[in-house]
Structures are given as structure tokens and as C-alpha cells.
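Q: Provided below for reference: sequence and predicted model.
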Amino acid sequence: MDKLFIILFAFLICGSVRSQQMPLMSEYMHSPALINPAMIGWEDLTAVTASYRHQWTGMKGNPITFMLNFRHFDQKRNMAFGGGLLHDQTGPTSSTGLNLYYAYHLKFASEKKGEEKRHRLSIGMSLSANQYRLDGSKLLYNDLNDPLIIGNNEYQILPDAGLGLFYYNDMYYIGFSVPQMISMNVRFESDNALSNIRRVPHFYVNAGVKVDLRGKKNRFTKRSLKEKVKHMLVPSLWFRFAPLSPINFYANLRYVWNQMLGFGFGGSTDGTIGFDVSVNVQKRFRVGYAFSLPVNGLSQYIGTNHEIMLTYVFGSNGNGWMFEQAEQQVKFRKKLK
């Protein structure tokens, strides 16, 4: 596999490459705004999430991703906003981004009349500043005296933007997004060497449905609006497309018990299968772990993928699929008499 990295890094030095431009995550539901800014606020909560992903553990210089984000849904104004940091490291190359998200949720008449918990169309956008870095000291090359090696610690800061649409109610959802809209070249060059990484737009389509295993019809009454589904299945689909790359399709089936415990299993057309588990603790914490591996004969060469997620909920109105109602914490109490 060292030869593979030598070839890859030679392309970095000598020409133009198209690599993994957006970080891969096993379970996007913990941080959905990463691929669709319109999904920020769809769970009707205020929360902060930290994620860590260790990808292709059997390879040197494998991708490592860390993400920290915050989101808040304002019920009075029907809008959500948030932001976060994302760092992705692959061998000698890395990117660090500061992201800002905003979404406005249009409520349909059925929700306004109290006939449904939620029936909305969300329109979202994102703005980001990304620092791309190339550490020449980590490049692999054959000749220690090669004058074509790009100098140490080269970096550039480039902007980006994203748009998304997301239609959802209490039973199903469907979304379309372009989280990376701006096409741009990331160029690192010295007197005798050039690395040109082309950044291209990415397109996503996702959809899912909630299935009540009790088999009861979805009749919205004053009583049912307060009830939660104890046994629930959530089949979901993701499509991802980038120019000059094959379409990637991912399917997942998740079981959720009592808005507390969830198990998911899925696979993608790139030859990867995986499972994940998440636990909600005392209406405030969600801890998750995801594991995936290739089943196309490459597992012995590139290894497996591991991901850990931790979410802390400041407040939730209980209308989402995953969290019970949790009153907003008050930072400052009234003065004692």
C-alpha cells in the first residue's frame, strides 16, 4: 500500500487530482446540515454535536475527520441557525472549515390548524471559509534530493456556499442539496512543481419514512399529538453525485425504541456495509458509534472505518423523531430573595 500512496502523492506534485473532497460520515443524522443546510432545525431542538471518524484504518496517512457544530431552532420565528468547525486530514493534505448555517421553515396549513405535529418546507443555505493545507515534509518520494518537492506548509483559504430544500412532516421527508457549490482550483506551486486539486460541486438527494410497528393508522388528535411511537422503523436513502464521478447510493434501515435506543444497518454502492447504534440518556445526551467495512475485497488492504458521535441537547420540544421533550436550560437564575 506504500506504493499506492507514492503514486497518489506523485499526482499531488505533478498534476491535477480529484479526491475525497467532502468528508464521509457513516451517520449523517447526527449532523445533517453537513450535506443539506435546510435540515438544520428539522429535529426542533437546540444542541451541540462532536464527531470523530477514523477511516481506512489499515492504511498509512488514512483520512481522519473531526467535527463540532451547534444548531438552534427558533419556534416563534420558524427559523434555524447554527455553525461549526470541521477538520479533515488525509496524509499530507488537510482542510479546516468554519461553517455557518441558516434555514427558514415554512409551515403548511395542516400544522397551523393542529392536524399534524409538523408539516413544513425548509429552505437553507450555508457559508464557509476553508483552509486547504499541503505539508510537503509528509510527501513520499524516491529521491531525497528531488528539487521538485513543494515546500513545507503551503496553504490557501477559499470560500464556499451551499443551498438546500427539505420537505418533511411527522411521517416522512425528502431533500435536495448542493452543499459545495463553488467550483475552484486549489493550487500549490513552487519554482518547479505544481499541485492542482480541482474542487467541484456535489449534489445530494435524501429521503426517509417513519413506520409505526404498532400498525395503527396515523390519526392526528389532541391525544396523539402528545404521544410518541414506542417501536419505529426508519428506512432511509441517500444519493450523492459529483461530476466525473460515479453516483453513490446508500440505503439504511434503523430501528428506534421509545426515542431512547436506535440500531441501524446499511450499505452503499461503493461496496461498503456498516451498522451503528445510538443511545439517548436522560433527554440530554445522545451517544453514538458507527462501524463500516468494505466487502469488495479491499478490506485486507484499507481496513475498517470507525466513528464516534456525542450530542448534548440544551432543549427539545419533543416533536422530532429522536428526542423526547426537554425543557430549555436557564443559564442564569433569578436572584434569591
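A: Good, I have the coordinates.
Q: Tell me where the stretch 51-200 of the chain is predicted with low confidence.
A: Scanning the stretch 51-200 of the chain for pLDDT under 70 picks out the ranges 136-153, 183-198.
Q: all strands of it, in order?
A: 64-74, 79-90, 93-107, 119-134, 154-169, 172-180, 184-189, 194-199 (DSSP state E, counting those that start in this stretch).
Q: And those: which comes nearest Phe314?
A: Among those, the nearest to Phe314 by C-beta to C-beta is strand 64-74 (8.1 Å). The C-beta positions use only the backbone N, C-alpha and C, and glycine is treated the same way.
Q: could you check the angle strand 79-90 makes with that closest one?
A: Angle, strand 64-74 to strand 79-90, by axes from the mean of the first three to the mean of the last three C-alpha atoms, to 10 degrees: 180 degrees.
Q: Which residues does strand 64-74 contact?
A: 23-25, 31, 33-34, 40-41, 43-55, 79-90, 99, 101, 105 (C-beta atoms under 8 Å, 6 or more residues apart in numbering).
Q: Buried subset of those residues as a ChimeraX selection?
A: ChimeraX command restricting the contacts of strand 64-74 to the buried ones, with burial defined by 16 or more other C-beta atoms under 10 Å:
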select :23,24,25,31,33,34,40,41,43,44,45,46,47,48,49,50,51,53,55,79,80,81,82,83,84,86,88,89,90,99,101,105
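Q: show me what contacts Asn280?
A: Applying C-beta under 8 Å, 6+ apart to Asn280 gives the contacts Gln259, Met260, Leu261, Arg286, Met322, Phe323, Glu324.
Q: Now, of these, which are buried?
A: For these, buried by 16+ other C-beta under 10 Å: Gln259, Met260, Arg286, Met322, Phe323, Glu324.
Q: Just confirm Val277 contacts Trp257, I think it does.
A: No: assessed by C-beta atoms under 8 Å, Val277 is found out of contact with Trp257, at 11.4 Å.
Q: how much space between Ala47 and Arg71?
A: 6 Å (C-beta to C-beta, to the nearest Å).
Q: Show me the helices in this structure, by range?
A: Along the chain, counting by DSSP state H, helices occupy 2-14, 109-112, 299-302.
Q: weakest of those by average pLDDT?
A: Lowest mean pLDDT within those: helix 2-14, at a mean of 37.
Q: ok so, going back, mind putting the strands of the stretch 51-200 of the chain in CSV, distance to Phe314 included?
A: Below are these laid out as CSV (distance: least, C-beta to C-beta, whole Å):
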stretch, distance to Phe314
strand 64-74, 8
strand 79-90, 12
strand 93-107, 17
strand 119-134, 21
strand 154-169, 22
strand 172-180, 23
strand 184-189, 36
strand 194-199, 35
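Q: So which of those strands is nearest Met232?
A: Of all the strands of the stretch 51-200 of the chain, it is strand 172-180 that lies closest to Met232, at 12.4 Å by C-beta to C-beta.
Q: which residues touch that closest one?
A: 21-22, 34-39, 42, 124, 126, 160, 162-168, 199-210.
Q: hmm, 7 Å instead?
A: 21-22, 35-39, 126, 160, 162-167, 201-210 (C-beta atoms under 7 Å, 6 or more residues apart in numbering).
Q: My understanding was that Arg53 contacts Met309; is that so?
A: No: applying C-beta atoms under 7 Å as the test, Arg53 and Met309 come out as separate, 9.1 Å apart.
Q: between those two, what contacts are shared?
A: Common neighbours of Arg53 and Met309, counting by C-beta under 7 Å, 6+ apart, are absent.
Q: about what we covered before: and which of the contacts of Asn280 is nearest to Phe314?
A: Distances from Phe314 to the contacts of Asn280, taken by C-beta to C-beta, are shortest for Phe323, at 11.2 Å.
Q: Is it correct that the closest one is in contact with Gln259?
A: Yes: using C-beta under 7 Å, Phe323 is in contact with Gln259, at 6.4 Å.
Q: Would you quantify the distance from Val279 to Gln259?
A: 11 Å.
Q: Right, I'll call it a day here.
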